[in-house]
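# Predicted model follows, preceded by the sequence.
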Amino acid sequence: MKKAAISIVGAVIVFLFVQPLFSQGIQSTIINLPLSGNWRQAADIEKDGIAPGVQVFYDQNTGTILQIRNDYQLRAVKEISQQFRTAGQAGAGPDGAKILMMSMFPLPNKYVQAISGNLHEGHLPKLWEVRDPGNAQWFYVSQLFGGYHVSGGSSSSEIQEQYLPVRVMHAENRSAGRGDALVFEAETEKGAPDAAIKRFKLPAGIKDQRLRYGWIQYSPGGVLSSESIISVGFATPVNSGVDVNVVLEQLVKNYGTKAEAKN
């Protein structure tokens, strides 16, 4: 009996070591973000087609995922500052989803590999219909990606990605502390299909909730500074309380704390 108890305790310790939980917020080697939730670092997502150096965290309470990485420059500046000048006022369209997939939510490599042999066919499976079990990142990408459009004949066909409509809520440059931030936020028009929620094992509370996507590029020293850019991307149900305003506030606050600690 004593041996069994020791084994159970040992197994629990090993599990916690492999998947540390951050009840006080996100603890990253890039920057800490004290967002409420039950966060863990999501190594399974980090290995699944995300760019090198990206750290991914998952809130088990709400199903929110958040990505952090260092960038060497601001990206998509023209698109965000000009293409979405009517953010918050215009209706839904596919361009917002395209920006999000190009920046922080690309198609998973395993999904692309699974369907690559059938790209010329008329019907391709959704992300939740392939055999790979996927993860929360797959879920959020599936609500941005509309599939492939194939045109032309079999010998000279053209394949284009299609994107689902989202409503862009924010697309602007802001002063942020002593620096600048380029913020982008969009929301889906409706909740995700039950099949996708169940397949990727998202919390039950996400049912019928619209989804919110955000991308923040923060330049601590300003746009002309040589300091690295911190990019933060997130996807969350709209009832989670996570949005670009909340994340940017914590980003600026904790970068300042980090800088003071170095001095």
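Yes, it's here. Numbering: from 1, shown residues only.
# and the residue nearest in space to the middle of the chain, what does it touch?
Nearest to the mean C-alpha position of the chain, counting by Cα atoms, centre = their mean, stands Phe234 at 3.9 Å. Listed by Cβ atoms under 8 Å, 6 or more residues apart in numbering, the contact partners of Phe234 are Thr64, Ile65, Leu66, Gln67, Tyr213, Gly214, Val242, Val247. For glycine as for every other residue, the C-beta is placed from the backbone atoms N, C-alpha and C.
# That one bridge partners, please.
For Phe234, the beta-bridge partners are Leu66, Gly214 (DSSP bridges).
# Tell me the spacing between it and Arg85.
Per Cβ to Cβ, to the nearest Å, Phe234 is found 23 Å from Arg85.
# got a winner among the contacts of Phe234 for most neighbours?
The most crowded member of the contacts of Phe234, judged by other Cβ atoms under 10 Å, is Tyr213 (28 neighbours).
# which residue packs closest to Leu127, ignoring adjacent ones?
For Leu127, ignoring the flanking residues on the chain, the nearest one in space by Cβ to Cβ, 6 or more residues apart in numbering is Ser142 at 4.0 Å.
# how many neighbours does the one you found have?
25.
# With Met169 instead?
Around Met169 there are 20 other residues, counting by other Cβ under 10 Å.
# per-residue confidence for it?
pLDDT for Met169: 96.
# was I right about it contacting Glu185?
Yes: under the criterion of Cβ atoms under 8 Å, Met169 makes contact with Glu185 at 4.7 Å.
# Ser226 sits in which helix or strand?
Per DSSP states H and E, Ser226 falls between elements, in no helix or strand.
# cool, and Asp208?
Taking DSSP H and E as the definition, Asp208 sits outside all helices and strands.
# Isn't it up against Gly191?
Yes: contact criterion Cβ under 8 Å: Asp208 and Gly191 qualify, at 4.4 Å.
# roughly how far out does stretch 182-190 sit from the chain middle?
Offset of stretch 182-190 from its chain centre (Cα atoms, centre = their mean, to the nearest Å): 12 Å.
# which parts of it are buried?
Leu182, Val183, Phe184, Glu185, Ala186, Glu187, Thr188 (16 or more other Cβ atoms under 10 Å).
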